[in-house]
Structure formats: structure tokens, C-alpha cells
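J.: I'll drop the sequence and a predicted model, then ask my questions.
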Amino acid sequence: MSTSKNIAAIKKKKLSRKIRLYFIAKNKHYFLNEGFVKNGFDSKLTIFKNRYSVLSAFSKMSFLFDEIIRLRIVGYSNQSDSAELLYLLNLVPINRKIRAFLDWKVFGPEFTRVMSRLFEVRNDIVHCISLDEVRYNPKNKISLASAAGFKRFSTDFQKAWVELQKIYAKQQETIDWDGLEKEI
């Protein structure tokens, strides 16, 4: 059964409050948590040229990283597993997660490089006051404060976000929907 059909079937049932799962179907994101299926992130991110907007976009990307790890380790999970796993995932630096994805063959070498360059920007933004201090280095260093620099960064980020969603959708194919429905 397709993910969309599984979602429709799940929405009709009384859901267990213990199951936690994030999933994507037909460019729509959903979050099954606390017994409810809620809308997740938008499949298209809009990034504005300010620190808050950029960091918010990175937090969504980081969330999907953690969800990929969760799927690979425990599949869908119950609340107690989730709390402990989230605690551990918060201790792992993002560059180590990116490297793990390369090692696990979730990311290819080029996508790993793209993600590493993007997350260098995130690290710089976290430790600065304004975007004026941040440089993005796709091939040559460019200022995020310049119109051309921010446009290049934003375009690369958008492409990476689309690719990450495809990767996540592929990873969620491992979900045992029949087992999940039995637990619900």
C-alpha cells in the first residue's frame, strides 16, 4: 500500500498516544504524535535575508536529519524511546550526522559536500550578530549580506531541501505500516 493510502487509513482510526512518526506523502508532511496526525513542515521553504529566517530553515533540515536517524535505528517509535533518542541525537554534532549519512550511503559524496558547506554557514550564523559577518563558500567565498551571495546561498539551500525530502521519503519506505497499524 502506498504511503498516501496508509495515511488515509491511519487518520480514520483511534490512534495510540504512544506512537511518534514523521512522514512525507505527495509533498505533504505529517506528524503522528500524541494520538493525532498533524500537518508537518511545508515542502517548500521560504528563506528571508535575516538571521532568524535562515536559522529556522536550518532547524527544519536538522529535524529531518534526526528523523532519518530515528527511522534507521528504531523505525517509528513510542514516546519513551523518542525522549531518550532525542537526548542522544542532540549530543551528536551536525557534521558527524552528515558524515554518518555518507557512511550509511544515505547521502552521496556530492550531497555530503553541499550539506557540509551549508551547515558551515549555519555555524557561522549562530556565532554572529548579523549576516554581514557570514561568508558562503560554494566555490569562492561570497558574503551572505550581498544580494548575489544570499541568492546563491538560498538557491543552493532550496535544492538541498528538495533533495533531503526525497531522501527522507526513500528512508520512510522501510516503515512497517502493517505493524504500525496493529499498534494503533
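T.: Arrived safely.

J.: ok, residues contacting stretch 106-114?
T.: With contact meaning CB atoms under 8 Å, 6 or more residues apart in numbering, stretch 106-114 is reached by 68, 72, 98-99, 101-102, 115, 156, 159-160, 163, 167, 171. (Each C-beta comes from the backbone N, C-alpha and C, glycine too.)

J.: and the two most separated of those residues?
T.: Arg72 and Asp156 (25.6 Å; CB to CB).

J.: okay, and for this structure, where does confidence drop off?
T.: 1-16, 76-82, 176-184 (pLDDT under 70).

J.: mind listing the strands for it?
T.: Assigned by DSSP state E, the strands in the chain fall at 19-25, 28-33, 36-39, 77-78, 135-136, 142-143.

J.: how about those strands in TSV, adding distance to Arg51?
T.: Putting the strands of the chain into TSV (distance: least, CB to CB, whole Å) gives the following:
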stretch	distance to Arg51
strand 19-25	26
strand 28-33	24
strand 36-39	26
strand 77-78	33
strand 135-136	14
strand 142-143	14
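
J.: would you list those in TSV and tack on mean neighbour count and distance to Phe63?
T.: Formatted as TSV, the strands of the chain follow (neighbours: other CB atoms under 10 Å; distance: least, CB to CB, whole Å):
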stretch	mean neighbour count	distance to Phe63
strand 19-25	20	8
strand 28-33	18	10
strand 36-39	11	14
strand 77-78	16	15
strand 135-136	19	22
strand 142-143	17	27
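
J.: Identify whichever of the ones you listed lies nearest to Arg122.
T.: strand 135-136 (10.7 Å).

J.: Report the central residue of this structure.
T.: Leu64 (1.9 Å; CA atoms, centre = their mean).

J.: And that residue, how far from Gln171?
T.: 9 Å (CB to CB, to the nearest Å).

J.: what is in contact with the two at once?
T.: With CB under 8 Å, 6+ apart, Leu64 and Gln171 have no common neighbours.

J.: can you map out the helices along the chain?
T.: For the chain, applying DSSP state H gives helices covering 3-11, 51-74, 79-91, 94-103, 109-126, 147-171, 177-183.

J.: what's the fourth one in contact with?
T.: Helix 94-103 is touched from outside by 62, 65-66, 68-69, 89, 107-109, 112, 115-116, 119, 122, with contacts defined as CB under 8 Å, 6+ apart.

J.: repeat that for 6 Å
T.: 65, 107, 112, 115-116, 119 (CB atoms under 6 Å, 6 or more residues apart in numbering).

J.: So for Leu55, which of the strands of the chain sits nearest?
T.: strand 135-136 (14.7 Å).

J.: List the pairing partners of the closest one within its sheet, with orientation.
T.: strand 142-143 (antiparallel) (DSSP bridges).
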